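> Sequence and predicted structure below; questions after.
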Protein chains: 2
Amino acid sequence: MPLAGERDARHRTKQEFAYQTLRDAIMRCELRPGERLVIDDLARRLQVSTIPVREAIQMLQSEGLVVTVPHTGVTVAPVSPESVQDVFAVLEGLEVVASRLVAERASPRELESLATLVADMDREVSAKRYAQWAALNTRFHLTISTLAGLPMLREMTERVLARWDRVRRYFFSGVLVHRVKRAQQEHRTILTAMRDCDLPTLETAVRQHNRRALESYMNFLKSSKARPEPAATDVDAAPAAAAARSQSHAPPHPRRPAPSARPRRRNTRLRSAGPR
Amino acid sequence: MPLAGERDARHRTKQEFAYQTLRDAIMRCELRPGERLVIDDLARRLQVSTIPVREAIQMLQSEGLVVTVPHTGVTVAPVSPESVQDVFAVLEGLEVVASRLVAERASPRELESLATLVADMDREVSAKRYAQWAALNTRFHLTISTLAGLPMLREMTERVLARWDRVRRYFFSGVLVHRVKRAQQEHRTILTAMRDCDLPTLETAVRQHNRRALESYMNFLKSSKARPEPAATDVDAAPAAAAARSQSHAPPHPRRPAPSARPRRRNTRLRSAGPR
DNA sequence: GGTGGGGAATATATGATATATCGCTATGCG
DNA sequence: CGCATAGCGATATATCATATATTCCCCACC
């Protein structure tokens, strides 16, 4: 299977194409965390040579989306429950700074664009299109970091948000519906404080927004309703997660594939644990 | 010139070797901001083929140390005065969060390692070895982010600190001596607040530390004593910057080299078009 | 005679392919 | 139970083909 991904005009080079396609697949958890990636396979599936693939892999690696072990192989980076805390810690730090900068130097016009986003999100909530809400939510936070006017700040925020997107899809295959309305309120509080340039309130609001999100998601995780789910459609992840609970429980992927169909000796190990 | 960089045991692969060497050279501003990098050249100078170099370039790109324009070329990322603000904004955000986490969960033993670093820095200050002080300073801040226990937080901090290192060397070819003592005091304040787990004080201290640094460096920049200097030795950048102000004013690097002084063919024949 | 646009030449990035080497891992044998 | 070894795929090299942006020349035009 060609790993979906037509080469459209967006991709000026095959390397970009490979990068985008792989990144998308990883984000969507279509390539599941822990899964082993074989460069030659990917090259075949993407219909390009290995060079663009290798370059793409390097980029993904320094974004932390894949892990490579020299001479051994590449695997999709795992997603751990702790990464939820990690994400929100970083995000809190960056956003406290970014939002302050926005309050101080954004034009009314720019603040308006944020307000528009919040309004759009409201619409999606009413329509129960939670996946779209999540996309706009990401854009909202991204916009704040952009308006702050500092390229590195924005870039780092972008990266964290991307990781969050992946974690969110993996553990929650969508979004916590009961969290959405509260989040919208918090967005409005943030917006108001920005307009008023009320920095103390703004800081508190941003912090709370992040902490409450963290809290919600962690609680959900602990309640163990979380489901490490394969490729979730997300596009309409809302309806109470009816999706077939696929049995596919890929065991923690080995670094090397079993030496293929060679006269397999029977119980072999690599079962790290198997002590019976 | 082989671009210095022996392949020692640290480099498990040539790709790692290329990456480390190039990164070092860029950090040291030996490869100057804006400078054009030609893959084939680099491969020759590093004594490897183009593939490891290309992979290294991809990694450097996603770290923002080089800029590539498709089909055109790679240049060392420029360093702007604004990036000073950028760095300290991000750092402030990350460190406020990190230091709080450290205060909350670090063991006395771990706090001790921070205290040791501060003491070591004191020694370097007395000895006027400011370059060493700067190295330890980076380590101090890195350690805080490590002790926070969140991998992504640490990784992002590492990246910002790396950028700062480069900016610092480029604009200030070392460190602002008059800032160092104050910085040490601030370090101690931070440390004390951590020990006492006095979060409000800690937050203020971390913020101030970053803002005062920003202020100092920005003032220095404005006073225009700053000197975009080629490869600074740094190893002993302290003594009042006697270093010869090299004339090397590389003009803003072109994307493509002029097609060189080629023996222009005069008899135009072979111009297919020569319709005449 | 100066000026601006079109087009060729060039250097280089990008991509493909074949081949060689190297390390890791699992296996087989003692 | 440990050591040698085979096989796989990652890593690396070399060579080639293609694509593209840049630059400069030339010439028509003003």
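Everything's here; your move.
> now the strands: where do they sit in the stretch 1-150 of chain A?
Ranges of strands within the stretch 1-150 of chain A are A:36-37, A:66-69, A:73-76, based on DSSP state E, counting those that start in this stretch.
> Compute the number of surrounding residues for the closest residue in space to residue A:40 that isn't next to it in sequence.
The shortest distance from residue A:40 to any non-neighbouring residue, by C-beta to C-beta, 6 or more residues apart in numbering or on different chains, is to residue A:50 (6.4 Å). All C-beta atoms are positioned from the backbone trio N, CA, C, and that covers glycine. For residue A:50, the neighbour count with other C-beta atoms under 10 Å in any protein chain shown is 15.
> Check the spacing between residue A:50 and DNA strand C real quick.
For residue A:50, the distance to DNA strand C (C-beta to the nearest atom of the strand, to the nearest Å) stands at 5 Å.
> So that residue is in contact with residue A:44, correct?
No - contact criterion C-beta atoms under 8 Å: residue A:50 and residue A:44 do not qualify, at 9.5 Å.
> Can you tell me which residues in chain A are near chain B?
Within chain A, the positions lying close to chain B (C-beta under 8 Å from any C-beta of the partner chain) are A:12-13, A:16, A:51, A:54-56, A:58-59, A:61-64, A:70-71, A:82-83, A:85-87, A:89-90, A:92-98, A:101, A:148, A:150-153, A:155-156, A:159-160, A:163.
> and if we set it to 6 Å?
By the rule C-beta under 6 Å from any C-beta of the partner chain, the part of chain A lying against chain B is A:12-13, A:55, A:58-59, A:62, A:70, A:86, A:89-90, A:92-94, A:96-97, A:150, A:152-153, A:156.
> Is it possible to mark the buried ones in those?
Those of those that meet the buried threshold are A:55, A:58-59, A:62, A:86, A:89-90, A:92-94, A:96-97, A:150, A:152-153, A:156, by 16 or more other C-beta atoms under 10 Å in any protein chain shown.
> closest to DNA strand D among those residues?
residue A:58 (9.1 Å; C-beta to the nearest atom of the strand).
> In contact with the closest one, which residues?
Residue A:58 sits next to B:55, B:58, B:59 when contact means C-beta atoms under 6 Å, 6 or more residues apart in numbering or on different chains.
> now do residue A:67
By C-beta under 6 Å, 6+ apart, residue A:67 lies in contact with A:75, A:77.
> For burial, what's the neighbour tally of the residue of the stretch 1-150 of chain A found nearest DNA strand D?
Closest contact between the stretch 1-150 of chain A and DNA strand D, by C-beta to the nearest atom of the strand, is at residue A:38 (3.8 Å). For residue A:38, the count of nearby residues is 13 (other C-beta under 10 Å).
> who's in contact with it?
Contacts of residue A:38 by C-beta under 6 Å, 6+ apart: none found.
> Compute the distance between it and residue B:84, please.
To residue B:84, residue A:38 is 44 Å away according to C-beta to C-beta, to the nearest Å.
> How about residue A:70?
36 Å.
> ok, back up a step: can you narrow the contacts of residue A:58 to ones near DNA strand C?
Checked against DNA strand C using C-beta under 7 Å from any atom of the strand, the contacts of residue A:58 yield no neighbours at all.
> can I get the residues you listed in CSV with pLDDT?
Below are these laid out as CSV (pLDDT from 0 to 100):
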residue, pLDDT
B:55, 91
B:58, 93
B:59, 93
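> now the residue nearest to residue A:17 when sequence neighbours are not counted: how far from residue B:164?
Leaving aside its chain neighbours, residue A:17 sits nearest to residue A:11 (3.8 Å; criterion: C-beta to C-beta, 6+ apart). Per C-beta to C-beta, residue A:11 is found 34 Å from residue B:164.
> before we move on, what about residue A:214?
Relative to residue B:164, residue A:214 is positioned 28 Å away (C-beta to C-beta).
> what's the answer for residue A:183, then?
Separation of residue A:183 from residue B:164 (C-beta to C-beta) stands at 34 Å.
> between those two, who's got more neighbours?
residue B:164 (23 against 20).
> hang on, that one packs against residue B:89?
No - taking C-beta atoms under 6 Å as the definition, residue B:164 is not a contact partner of residue B:89, at 11.5 Å.
> Overlap of the contact sets of the two?
Listed as contacting both residue B:164 and residue B:89 by C-beta under 6 Å, 6+ apart is no residue at all.
> Name the residues that touch stretch A:151-170?
In this structure, residues lying in contact with stretch A:151-170 by C-beta under 6 Å, 6+ apart are A:27, A:29, A:79, A:83, A:87, A:90-91, A:94, A:98, A:138, A:145-146, A:232, A:234, B:86, B:89-90, B:156.
> Now do it, average pLDDT.
Averaged over stretch A:151-170, pLDDT sits at 95.
> Just give me how far that stretch sits from the chain centre.
Stretch A:151-170 sits 7 Å away from the centroid of its parent chain (C-alpha atoms, centre = their mean, to the nearest Å).
> could I get stretch A:24-38 in CSV with only the CA atoms?
The C-alpha coordinates for stretch A:24-38 follow below in CSV (Å, rounded to 0.1, in the frame of the first residue of the first chain):
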residue,chain,number,x,y,z
ASP,A,24,1.3,13.0,8.3
ALA,A,25,1.2,9.3,8.7
ILE,A,26,3.0,9.5,12.0
MET,A,27,0.8,12.2,13.2
ARG,A,28,-2.3,10.4,12.2
CYS,A,29,-0.9,7.3,14.0
GLU,A,30,-1.2,5.5,10.8
LEU,A,31,2.4,4.6,11.4
ARG,A,32,2.0,3.6,15.0
PRO,A,33,4.3,4.5,17.8
GLY,A,34,7.0,1.9,18.1
GLU,A,35,6.5,0.7,14.6
ARG,A,36,9.6,-0.2,12.8
LEU,A,37,10.4,1.8,9.6
VAL,A,38,12.5,0.2,7.0
